[in-house]
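[1] Provide a 3D model corresponding to the input given below.
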Amino acid sequence: MNRFVSAFAVLSTLLSAQGCSFPATSGDVPAQTQQTSGQPSMAQMDGHTQHMEQMNHGGSSGSEHNDHSGGNSGTPATSQAKLTVSSNIAAKKPVSLAIDIRDSAGKAITDFDTFQEKLMHLIAVSDDLLFFSHIHPTYKGNGRFEVEASFPKSGGYTLFADYKPAGQTERVSVLKTAVPGTASPAPAADQNFTKTFGNTKVQLALPEATVKAGKEVMLVFNMQDTATGQKVTDLQPYLGETGHLVIIRQSADLKASDYIHAHAHGGTPAGEVHFMTQFPQPGKYKLWGQFNRNGQIVTADFWVNVL
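    Numbers count the residues shown, from 1 in each chain. Down below sits the predicted model:
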């Protein structure tokens, strides 16, 4: 799995709709009211994720899984996130990253619930959405999570820290960082719905030619072994699920409302993984499906245009 993250030897500075008295932290507000500082490389935001209970995805297990979208409404959360990174940041160079989670008064939140087998899921994407990494920082106590990572190239990055304070709903903190230097121009987006990732050929199937915002849609990932041409039969659970799907809307300034995390249905045919979700607004979205083929994580990425 790719490793990643962080920039500038400073603490990120946040401006939120509610303000914050704790330096270099984010004050939680509903995702749809997020504001930015006007400096993407140093902005930091926190969004409140609520569970959007769409349908029973349990299959044989009978459990219910949810689509986690930063765009859902709800009461403001009470956590804040502070990002600290090492000095001398450079592309492809390992760097230490620390995320401190505190309450609205600046006191460390010390207890977190495990969800999807981890205490924190950290998703990092480049501004052009070509780079993606999903890693899991280690909890060091007193509200601090740490991980070592690296960025592949110069430019801006957004980090979505997904965590769950004990007994509370999931939170998504949006952290902005950058690697110094001139960012290279992004190539044209690959609009193909059939791609090969290592030894796995993946086809994304949509129920209709046109995907509409606000409408539930079933996304189907069909997987074949490239050597045999046969449907994949060696899928194993990944973080407690048949597969995970991260969806991010293309935007010049990513917010929590641009982030969706969906879970797979159970009981689907061999070689197929199904996700039910909905896109909150029109635009271009990047999808990353992640699956475990006999211990090897396959990350399949696709672009989808939503009207």
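[2] check contacts around residue 248.
    125, 129, 254, 258, 259, 260, 285, 286 (CB atoms under 8 Å, 6 or more residues apart in numbering). Where C-beta positions appear, they are placed from N, C-alpha and C, glycine not excepted.
[3] out of these, which are inside helices?
    Residues of the contacts of residue 248 located in helices (DSSP state H): none.
[4] In a markdown table, list those residues along with distance to residue 205.
    A markdown table is the format used below for the contacts of residue 248 (distance: CB to CB, whole Å):
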| residue | distance to residue 205 |
| --- | --- |
| 125 | 24 |
| 129 | 22 |
| 254 | 27 |
| 258 | 24 |
| 259 | 23 |
| 260 | 18 |
| 285 | 16 |
| 286 | 17 |
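[5] which one of those sits closest to residue 190?
    residue 286 (10.4 Å; CB to CB).
[6] ok, the nearest residue to the closest one once chain neighbours are set aside to residue 201 distance?
    Excluding the flanking residues, the one nearest residue 286 by CB to CB, 6 or more residues apart in numbering is residue 129, at 4.4 Å. Noted for residue 129: a distance of 22 Å to residue 201, by CB to CB, to the nearest Å.
[7] And the nearest residue to residue 232 once chain neighbours are set aside, what's its pLDDT?
    Nearest in space to residue 232, with sequence neighbours left out and distances taken as CB to CB, 6+ apart, is residue 223 at 4.2 Å. Looking at residue 223, its pLDDT stands at 98.
[8] Which helix or which strand is home to residue 223?
    strand 217-225 (DSSP states H and E).
[9] neighbouring contacts of the helix or strand following that strand?
    Once the chain leaves strand 217-225, the next helix or strand it forms, by DSSP H and E, is strand 235-236. Here strand 235-236 makes contact (CB under 8 Å, 6+ apart) with 223, 242, 243, 271, 273, 291, 292, 293, 294, 295.
[10] Neighbour count: residue 129 and residue 201, which is higher?
    A direct count of neighbours by other CB atoms under 10 Å for residue 129 and residue 201 places residue 129 higher, at 21 against 17.
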